[in-house]
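Undergrad: what's the 3D shape of this:
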Amino acid sequence: MKVVIVGGVAGGATAAARIRRLDEQAEITVFERSGYISYANCGLPYYIGDVITDPEALTLQTPERFFSRFRVAMKVRHEVAAIHSDRKTVSVKNLETGEEFEEPYDKLVLSPGAKPTRPPFPGLELEQIFTLRTVEDTFALKDYVNARRPRSAVLVGGGFIGVELAENLRELGMEVTIVEQLGQLMGPFDPDMAAFLHNEARAHGVHLALGRSVAGFAARHGGVDVQLKDGATLHADLVALAIGVTPDTALAKEAGLALGHKGSIVVNDRMETSVPDIYAVGDAVQVKHFVTGQDAVISLAGPANKQGRIAADNICGGDSRYRGSQGSSVLKVFDLTAAATGINETAAKGAGLDVDTVVLSPMSHAGYYPGGKLMTMKVVFEKGTLRLLGAQIVGYEGVDKRIDVLATAIRAGLTATELKDLDLAYAPPYSSAKDPVNMAGFMVENLARGVMKQFHIEDVPGLPRDGSVTLLDTRTPREYAGGHIEGFRNIPVDELRERLDEVAQDKPVYVICQSGLRSYIACRILAGYGYEAYNFAGGFRFYDTVTNDRCLIESSSACGMDQ
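TA: So this is what the prediction gives:
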């Protein structure tokens, strides 16, 4: 059996190695357009920032080592220009010699990946403008930084690459501005959770121009003017485009393969395309979102590697199936860790789902053990069914552990209330006897049983201040004096029973504390005396972070960025 693979990075390299493990006699050839195979895309920004200092560390394999281990012919600097499915060959060009030839195949795997999105901005050809997708891109940017010693950078795009590159350029001492068309960084997060990322970026000196769009670029004084559509102009010594990626499917389109969402290659759950004996994997393919069932393009390394393995299994006579992607991801933002899985509240509502959320601020481990740090968790679930839809966590320690538990729970089909039943490892340095994931389950169960009612941050502006409801802050007087929501009066939770005569019983009571725990206790006290009480989801810490962030974003409209 002769197998040809187009693309030698995540999905392609995985498919090649798996085919060899299953079939020692198969003839396997991989054509890779760049000069590198099986490289670590996710590590590229950290090479720019000197966190990774050895360039060879970026390449997990070399063609020579891959051949030595697997007897797979890895042809780098070879571009596949056309697919001839009628005669089962591909046209290939050796980019170093210019030689062109046809290569036959019995099975063909397409793993072309995705290319950086490059809108037709004026001035895009300037030498100071870079993208960051391949090893060659990385070396070009690093060489420019080393040679020119730029003092400032504008990053267009606030996704994974933009945020990671911002951190690494700041570590090199540059002034960094992120321009993002959305009103927030990191689209997988809801705006309220993204506020914590904004705070961390600002605290480390990154300027944010959120809700701004680029109109074009112009050379000036050896640098680049970044012209924004609202008329503002930012100047920098270099610019990096990190707007996102587009499936690289020109080859598939010309070959007549069916294309789908965003021009991606349509495959079934066996990773087979619309043309017999042609498979496709990785960033270029359309998948089903595991939570919504909708068509999606999810460009992450984990799915690409799994898909490469599945295609290989099926090429070798197996019957492996890809069950969909749920977008689990984790990101380092300076000292913070941010992680998400499934869909966020915004996406869930956009999909027409009737959803609710719980927001909690647990410690990373037992409070009595030194060194615990707060994290903020937001869990999204469907009302009625209590189906677990997604989660987002931002914190300093233990974030990746909890998001992986929640990702597994979603994959296993657990309801949000079943999170309380998970038997998770506990020791004081690592967790609490009631793990944060269990706590989220307890909170959803309280909502489902009517033990707790809650209100959310978007409800606060509409709460009447005319005395028709009671607005109650149950923190200490000192906490209250340090900042509170207008209209909320202070009765500490430990004094509430003795001061119930100050709370009108015939009016709903909306209760807040710092994190949501004391206000929940207050709500139970009030309920025990016949009050109708609502607990604020997330607490004042959450409210303060989100509202301050929104104020900064809104006030930045005059200057094009916030500080």
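
Undergrad: switch to C-alpha atoms for all contacts and neighbour counts from now on
TA: OK.

Undergrad: can you pull out the helices in this structure?
TA: Secondary structure of the chain (DSSP state H): helices located at 10-22, 44-48, 63-70, 135-148, 160-171, 191-203, 250-254, 301-315, 345-350, 399-412, 436-449, 477-481, 517-528, 539-555.

Undergrad: what packs against the second one?
TA: Here helix 44-48 is seen to pack against helix 135-148, helix 160-171 when contacts are counted using 3 or more CA pairs under 8 Å, 6 or more residues apart in numbering; DSSP states H and E.

Undergrad: And those helices: which comes nearest Ser432?
TA: Smallest distance to Ser432 across the helices and strands packed on helix 44-48 (CA to CA): 30.9 Å, for helix 160-171.

Undergrad: Give me the contact list for that closest one.
TA: Helix 160-171 is contacted from outside by 45-46, 48-50, 132, 153, 155-156, 175-178, 185-186, 201, 204-206, 241-243, 331-334, using CA atoms under 8 Å, 6 or more residues apart in numbering.

Undergrad: Work out the gap between it and the centre of the chain.
TA: Relative to its chain's centre, helix 160-171 lies at 14 Å (CA atoms, centre = their mean, to the nearest Å).

Undergrad: Need the winner for burial among the helices and strands packed on helix 44-48.
TA: helix 160-171 (a mean of 24; mean count of other CA atoms under 10 Å).

Undergrad: CA atoms only: put that one into PDB for me.
TA: The C-alpha trace of helix 160-171 is given here as PDB (Å, rounded to 0.1, in the frame of the first residue of the first chain):
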ATOM      1  CA  PHE A 160      -3.900  32.700  21.500                       C
ATOM      2  CA  ILE A 161      -1.000  33.900  19.400                       C
ATOM      3  CA  GLY A 162      -1.600  37.600  20.000                       C
ATOM      4  CA  VAL A 163      -1.800  37.200  23.800                       C
ATOM      5  CA  GLU A 164       1.100  34.900  24.000                       C
ATOM      6  CA  LEU A 165       3.300  37.100  21.800                       C
ATOM      7  CA  ALA A 166       2.300  40.200  23.800                       C
ATOM      8  CA  GLU A 167       3.600  38.500  26.900                       C
ATOM      9  CA  ASN A 168       6.900  37.500  25.300                       C
ATOM     10  CA  LEU A 169       7.500  40.900  23.700                       C
ATOM     11  CA  ARG A 170       6.900  42.600  27.000                       C
ATOM     12  CA  GLU A 171       9.400  40.200  28.600                       C
END
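
Undergrad: sorry, back to before: out of the helices of the chain, the one nearest Lys262 is which?
TA: Closest approach to Lys262 among the helices of the chain (CA to CA): helix 250-254, 12.2 Å.

Undergrad: one step back: reformat the helices of the chain as a markdown table; add distance to His456 and mean pLDDT.
TA: Listed next are those as a markdown table, based on distance: least, CA to CA, whole Å; pLDDT from 0 to 100:
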| stretch | distance to His456 | mean pLDDT |
| --- | --- | --- |
| helix 10-22 | 41 | 95 |
| helix 44-48 | 37 | 88 |
| helix 63-70 | 54 | 90 |
| helix 135-148 | 43 | 92 |
| helix 160-171 | 28 | 95 |
| helix 191-203 | 11 | 97 |
| helix 250-254 | 46 | 96 |
| helix 301-315 | 34 | 96 |
| helix 345-350 | 12 | 96 |
| helix 399-412 | 22 | 98 |
| helix 436-449 | 13 | 97 |
| helix 477-481 | 19 | 97 |
| helix 517-528 | 13 | 97 |
| helix 539-555 | 9 | 93 |
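
Undergrad: Tabulate the ones you listed in a markdown table, adding columns for distance to Arg33.
TA: Output for the helices of the chain, formatted as a markdown table (distance: least, CA to CA, whole Å):
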| stretch | distance to Arg33 |
| --- | --- |
| helix 10-22 | 12 |
| helix 44-48 | 18 |
| helix 63-70 | 13 |
| helix 135-148 | 11 |
| helix 160-171 | 22 |
| helix 191-203 | 36 |
| helix 250-254 | 13 |
| helix 301-315 | 18 |
| helix 345-350 | 36 |
| helix 399-412 | 34 |
| helix 436-449 | 44 |
| helix 477-481 | 60 |
| helix 517-528 | 56 |
| helix 539-555 | 42 |
